[in-house]
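Trainee: build the 3D model from these lines:
(one chain, ligands or ions: 1)
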Amino acid sequence: MKQGEIKVETIRTIRELRRKLAPHRQSGRSIGFMPTLGYMHEGHLSLIRRARKENDIAVISIFVNPLQFGPNEDFDRYPRDMERDLRLAQEAGVDFAFVPDVREMYPEPVKTTVKVSGITDRLCGASRPGHFEGVATVVLKLLLIVGPDRAYFGMKDAQQVAVIEQMVKDLNVPVAIVPCPTLRESDGLAMSSRNVYLSPEERRQAVVLNQALQEAAAAAAAGRTDAGYLRSLVAGRIAAAPLADPEYVEVLSYPSLEPLEGRAQPGTRIIIAVAVRFGKTRLIDNTILEIR
Ligand code: AMP
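Mentor: Got it, this is the predicted structure:
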């Protein structure tokens, strides 16, 4: 099926989506799936294009999942623009957009949730209690609803990728998880739906996240792989931006997300991850390094 020939089909119910996908699955077509909260940017679109390229059928979901937002977080004001999202999805070649409302996904309060232990203790798991339980639960529900061969996730949310990969492994979910690289603005800021919240001055200073991570990556490549050193390098660089209010700066093993003692061992992977507030806006970014 060629891009542009098909109008994206917008489906609101689980029953209808299953009914539409069944014949494709039965005739052996591969299904690629990408879950989103919507308010698409190029980062989302890069994942959709990849799902489009690698599968016969491309499915996205657009669902702002209340279960993954804390009581004082931005669920109510999370940016939404369904019409634009569907147009962009269509341009990127999506076949089916699943856009359930909260009642369709959670007709009654859930009594069953998915908790991935260990990996969710640190980083965003520590600062957003319950967040990854909400993410893992909705992603498992979506995987069971869509039944994709492959599901695409961005490394911008590296902890999310680690959590989903662990869940899929532990629960034998028959899907291949495909991690995709972080897309950035031309000045290096990781693309995010939340970037629209930034004032012009906050937006200017937000480049410090990527700059700090790049400096640390260069230091590690030059042999400075001591976790404490890398952490203070990044923290110091971020502290120099007056509007930046860091929530965490951590250097951990990846994907197990365990603290590192001293120098990272050759042949291992480490993640340097940051969460920084600019006013009310919380931004995250990370870099993953292969230690030689
Ligand atoms: P979200 O709508 O924020 O839940 O994002 C949907 C998917 O897009 C997730 O797998 C994200 O990791 C991914 N994503 C978000 N921002 C980016 C980006 N800048 N580059 C690549 N993928 C991204």
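Trainee: and stretch 26-41, average pLDDT?
Mentor: Stretch 26-41 carries an average pLDDT of 97.
Trainee: residue 247 contacts residue 276, correct?
Mentor: Yes: the criterion here is C-beta atoms under 8 Å, and residue 247 meets it with residue 276 at 6.4 Å. The C-beta positions use only the backbone N, C-alpha and C, and glycine is treated the same way.
Trainee: overlap in contacts of those two?
Mentor: Contact criterion C-beta atoms under 8 Å, 6 or more residues apart in numbering; residues shared by residue 247 and residue 276: residue 282.
Trainee: so which of those two has more stuff around it?
Mentor: Counted by other C-beta atoms under 10 Å, residue 247 and residue 276 do not tie: residue 276 has more neighbours, with 23 against 16.
Trainee: how near is that one to the ligand?
Mentor: For residue 276, the distance to the ligand (C-beta to the nearest ligand atom, to the nearest Å) stands at 16 Å.
Trainee: count of residues packed around residue 165?
Mentor: 16.
Trainee: and if you look at the one 4 residues further on?
Mentor: Taking other C-beta under 10 Å as the criterion, the count of residues near residue 169 is 10.
Trainee: would you list every one of the strands in the stretch 51-200 of the chain?
Mentor: 57-62, 96-98, 150-154, 176-180 (DSSP state E, counting those that start in this stretch).
Trainee: any chance of a markdown table for those, columns mean pLDDT, mean neighbour count and distance to residue 15?
Mentor: A markdown table is the format used below for those (pLDDT from 0 to 100; neighbours: other C-beta atoms under 10 Å; distance: least, C-beta to C-beta, whole Å):
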| stretch | mean pLDDT | mean neighbour count | distance to residue 15 |
| --- | --- | --- | --- |
| strand 57-62 | 98 | 26 | 15 |
| strand 96-98 | 98 | 24 | 12 |
| strand 150-154 | 98 | 22 | 21 |
| strand 176-180 | 98 | 17 | 26 |
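Trainee: need the ones you listed in JSON lines (columns: distance to the ligand).
Mentor: Shown next, in JSON lines, are those (distance: least, C-beta to the nearest ligand atom, whole Å):
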{"stretch": "strand 57-62", "distance to the ligand": "8"}
{"stretch": "strand 96-98", "distance to the ligand": "13"}
{"stretch": "strand 150-154", "distance to the ligand": "2"}
{"stretch": "strand 176-180", "distance to the ligand": "6"}
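Trainee: and the next helix or strand past whichever strand or helix holds residue 211?
Mentor: Using DSSP states H and E, residue 211 maps to helix 208-221. Sequence-wise, the next helix or strand downstream of helix 208-221 (DSSP H and E) is helix 227-239.
Trainee: quick check: angle from the helix holding residue 211 to helix 227-239?
Mentor: 150 degrees (axes from the mean of the first three to the mean of the last three C-alpha atoms, to 10 degrees).
Trainee: quick check: residues of the stretch 101-250 of the chain near the ligand?
Mentor: Within reach of the ligand by C-beta under 6 Å from any ligand atom, the stretch 101-250 of the chain has these residues: 153-154, 156-157, 180, 182-183, 190-193.
Trainee: tell me the one of these nearest residue 81?
Mentor: residue 193 (9.8 Å; C-beta to C-beta).
Trainee: and for the residue lying closest to the closest one once chain neighbours are set aside, the neighbour number?
Mentor: In space, and not counting its chain neighbours, residue 193 is closest to residue 39: 4.0 Å by C-beta to C-beta, 6 or more residues apart in numbering. Counted by other C-beta under 10 Å, the residues lying close to residue 39 total 19.
Trainee: tell me who's in contact with residue 39.
Mentor: Residue 39 makes contact with 78-81, 85, 193, 196 under the criterion C-beta under 8 Å, 6+ apart.
Trainee: out of the residues you listed, who's the most crowded?
Mentor: residue 85 (22 neighbours).
Trainee: pretty sure that residue sits against residue 62.
Mentor: Yes: here residue 85 reaches residue 62: they are 5.7 Å apart, a contact under C-beta under 8 Å.
Trainee: list residues touching both of these two?
Mentor: Both residue 85 and residue 62 are in contact with 36, 38, 97, where contact means C-beta under 8 Å, 6+ apart.
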